[in-house]
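# sequence first, predicted coordinates after that:
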Amino acid sequence: MGKAELPLHAPGTRVDRGYIGQSVPRPNAQRLLQGRGTYVDDLRFPRLVHVVFYRSPHAHARIRKLDLKKASQAKGVIGVFDGRAVAEYCTPWVGVLAHLKGIKSPPQHAIAIERACWQGEAVAAVVAETRTQAEDALGLIEVEWEELPAVIDMEEALAGKKVIHPEFSDNICFKREHDTGGVNEVFAQADVVVEETFDFGRHTGVCLETRSILADYNAAEHSLTVYHSTQAPHMMQDIFSRHLGIPEASVRVIAKDVGGSFGIKVHVYPDEMATAALSVMLRRPVKFVADRLESFITDIHAREHKVKIRLAATKAGEILAFDLDDLTSIGPYSVYPRTSGIEGNQVVNLTGGPYKHQKYRAKLNVVFTNKNVTCQYRAVGHPIAVALTEGIVDKAAAKLGMDPAEFRRKNLIPDDAYPYTFPSGIKFEKLSHHQTLNKLLDLMSYQKLREEQKSLRKQNIFRGIGLAAMIEVTNPSPAFYGVGGARISAQDGATLRLEPTGMVTVMCSVTEQGQGTEGIFAQIAASAVGVSLDKVKVITGDTGVTPYGGGTWASRGAGIGGEAVLLAGRALMSNILDIASRILNVGKETLSIENNTIVSKLTQEKKIPLEELGRVAYFRPDTLPMDFQSELTVTRHYTPRQYGFTFTNGIQASLVEVDTDTGFVKLLKHWCVEDSGTIINPMLVDEQLRGGVVQGIGAALFEECLYNPEGQLLNGSMADYLVPMSGEMPDIICAHVETPTMQSQLGAKGVGEAGTAGAPAAVMNAINDALAPLNARVTAMPFTPERILRALGKVRIEPL
Amino acid sequence: MEHAHDITLTVNGAQVSRRVPARQHLVDFLRDELGLTGVHAGCEHGVCGACTIRVNGDIVRGCLMLAVQANGCRVDTIEGLSDSKELSRLQKAFHEHNALQCGFCTPGMLLAAQDLILNSNKPTREEIRSHISGNYCRCTGYQAIVDAIEEVMNGQG
């Protein structure tokens, strides 16, 4: 399929014609379909040894005695190491950022020294020839513990009667208050005030491939090669370099196939740092692959917020103000280097985001507890902010007796109001709330569903319809991390090389976790250069090969990496035409590249195949003019800078049926209308949305990391921690509005997190809509059958 | 002291003999002894389905079966079923529908889907969803997987 045959997908975008907007399958899916991908655990190296960790069984305890002798004598064991031994090779870190004013966290070591602060924190490492031998030796480690008072409940943490870290006077990691002023006055005078407290359970990513790392230190070169299941190879290169004392350019981080990440694999994990340090200590390759049980107690958790929110409105249905107080617990350390203050910060920034009220106040307390750490997981803060906003908006609509869709229509920021500054201070370039709302209501036949709902209620069938409008942070500028001092790149680069046979190799710093990054980069490169898709090969995930960049997080791959590929593609095309004009002795401006061939722009007459041009440029440059040197490798970079973030918008709807006898929620259908700017591959975009929605449904209905009062995780296995499986999931209908960002040539915004951001709110509102005739209401996620039955008054026994 | 046993089995059509520890799981045997890394260990307690393989024609969890139990058995993995082209229609449909993202669940998912194709006639969408309910996919939301399987099964006429 040649580029000339394909239509331009998004009218008004300034993109080159070609594959942009086409649902082409991803070339890199082929190897995965045959089981021929390479995940970290698939690698086999000479002299490879395996590390496993002895983890604290207590939430908070001092190590009185750690006896490693028996373990170190076990069969196959190379060595057993405590925190002090590893600390000689790996310096500790502190997870704070300068722009989160006042944030604090104590130094954290790769392996705990003296004290463990959560159940699961590693206190010793066993290295052996096989993993089985290492695991056998774990049982021979003898530890004497002195249990310390544990702070598990976040309100108790905030009260600060027991302080976790002796160097601090309280358990507050970070607090923030944002106030436009005038909030009290508005609430005092408002016709209608609604208030609610929402609880959000802790949950975690459950990547099917667990965290994995293989570190290979070369003592002769003092160099380190790390094969890592990671989203951010350059960030990790910098961190390994600084904390292990190896020059940056001597650290190479390679991310081959990554089995899911969702934000789980973009943080510094102590056990992974220890693995790298052990490779240096032992001067041989060391591999660590978390097992599922330790994933549950050490992969970052997320959410766990309790938020009181109020909304003030006029009796005509105009929203005047939001006022909220968020309390969130992050475990004993702020996670390095992104910090654990960001999720709460996002709640403050984003709550109320789609609406045009002018008064806003938000208070945030982020507290330490003796549970596993929390940090940025897919949609960071958005699911909280959207559920708070949309939950309280629905409550206000009900109090006013207005239809939820009409109430939203009345209050959404008008589509012609942009650029727009929101009361929290964030700026929107161009959003399309009304277009997405209208499209959604059409798509789902909203009125018809309402009528059906009404008639089914007469038969005691309780269906609910929930809406959730939202905004989403994508394409972050350095405002996200860089300004706070984190060495996390907001820019990305792409190198494109024309090969002698006319193929194009793309090397880009944004990584692939399955979302299709490499596929869309191939589409953009093919379109920009003028070659067919089969001529493009994409390489990502290798600091030794690609330009420098941030990698994958915050829905930035397409918008930032894609723009770098586009710019490099155009530059390469220009350089190719420089050569062609010399070979043909005609003006460069008269030539173009179509379907792997230099053509005359005017007549489309084929002039030279790229393969022939490549032959001349690489093997017979002697035939080109003396003063001319061809440049067939080009690199371009891109950083979004005009706006702190390129916001997207969208709206979701959920249709559910609640069984009021069992408390079970049946998801009947889900809709999502999203404006993510220029769409590069509709099939992949829809797939991102659907996967995200299902992850959000998991948060709404199933997923919660449950701790007992002593800080023991009660459901740390996949048998006990429920994730969405295919049987319970609905079909998800996606549609789009395309408002390209004008900050880039490509016009793409991000889409990776939108589904997860909006789905919990939509499901919550649908459940509460179904329960409304029964005067029942749920506000604590996940909405388990038990919680629904309690809300219905059908279970009265107190929970254990 | 580790108990070991001699086993002989047929893996992807070829006979292999090994001495294996009694406690070694079949998934570890396939991955570590035979280098068949297309079989993935996801949860190692029988819930996620990533290690789904075929033993004597039935799909099983490679993490819930010991290597010694496979003595005398015929074992098929994603590698063999790809080479024999048995999965080629499913693989094509998965590719065209983008019924995979990270690909970690995919070998197991394909084997579960193929089991449905071999043992069912024109299942409904709900039946397809139900059949793959033991295979966890965090990426796709399942819809494209159901679409791909449905297309292949409807195509069978």
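Received, thanks.
# okay, buried residues for stretch A:478-496 please.
A:478-482, A:484, A:486, A:488-496 (16 or more other Cβ atoms under 10 Å in any protein chain shown). For every residue, glycine as well, the C-beta is placed using N, CA and C.
# then stretch A:233-250?
Buried, per 16+ other Cβ under 10 Å, within stretch A:233-250: A:233-241, A:243-244, A:246.
# now, which of those lie within helices?
A:233-241, A:243-244 (DSSP state H).
# so which of those also contact chain B?
Among those, no residue sits close to chain B (Cβ under 8 Å from any Cβ of the partner chain).
# ok, those residues vs chain B, which is closest?
Chain B lies nearest to residue A:233 out of these, by Cβ to the nearest Cβ, at 16.4 Å.
# now do the same contact list for that closest one.
By Cβ atoms under 8 Å, 6 or more residues apart in numbering or on different chains, the contact set of residue A:233 is A:253-255, A:509, A:511, A:541-543, A:551.
# out of the ones in helices among the buried residues of stretch A:233-250, which is nearest to residue A:791?
Proximity of those to residue A:791 (Cβ to Cβ) peaks at residue A:235, which lies at 43.6 Å.
# now the end-to-end length of stretch A:778-796.
In stretch A:778-796, first residue to last residue: 15 Å (Cα to Cα, to the nearest Å).
# buried set for that stretch?
A:778-785, A:787-792.
# if we can go back for a sec, quick one: which two of the buried residues of stretch A:478-496 are the most distant?
Farthest pair in the buried residues of stretch A:478-496, by Cβ to Cβ: A:484 and A:496, 32.5 Å.
# where does chain A have low pLDDT?
A:1-17, A:799-800 (pLDDT under 70).
# picking up where we left off before, of the buried residues of stretch A:778-796, which belong to helices?
A:785, A:787-791.
# name the nearest of the residues you listed relative to chain B.
Nearest member of these to chain B, counting by Cβ to the nearest Cβ, is residue A:785, at 18.2 Å.
# residue contacts, the closest residue to that closest one other than its chain neighbours?
Computed as Cβ to Cβ, 6 or more residues apart in numbering or on different chains, the closest residue to residue A:785 that is not its neighbour in sequence is residue A:663, at 3.2 Å. With contact taken as Cβ under 8 Å, 6+ apart, residue A:663 is in contact with A:784-789, A:792, A:794.
# residue contacts, residue 58?
If you meant another chain, say so; for now it's chain A. With Cβ under 8 Å, 6+ apart, residue A:58 has these contacts: A:116, A:119, A:145, A:147, A:150, A:711.
# not what I meant, chain B
Residue B:58 neighbours (Cβ under 8 Å, 6+ apart): residue B:115.
# neighbours of the residue lying closest to residue A:210 once chain neighbours are set aside, just the number please.
Ranked by Cβ to Cβ, 6+ apart and with sequence neighbours excluded, the top spatial neighbour of residue A:210 is residue A:290, at 4.2 Å. For residue A:290, the count of nearby residues is 23 (other Cβ atoms under 10 Å in any protein chain shown).
# same question for residue B:50.
27.
# give me the element it is part of.
Applying DSSP states H and E as the criterion places residue B:50 outside every helix and strand.
# ok, the one 3 residues further on next?
Residue B:53 is part of strand B:52-55, with elements assigned from DSSP H and E.
# partner strands of the next helix-or-strand element following that strand, parallel or antiparallel?
Counting by DSSP H and E, the next helix or strand C-terminal to strand B:52-55 is strand B:58-61. Here strand B:58-61 has these sheet partners by DSSP bridges: strand B:52-55 (antiparallel).
# ok and the residue in chain B nearest chain A?
residue B:38 (2.0 Å).
# now that residue, nearest residue through space, not along the chain?
residue A:35 (2.0 Å).
# can you tell me how far that neighbour is from residue B:107?
4 Å (Cβ to Cβ, to the nearest Å).
# ok, those two, which is more surrounded?
residue B:107 (32 against 25).
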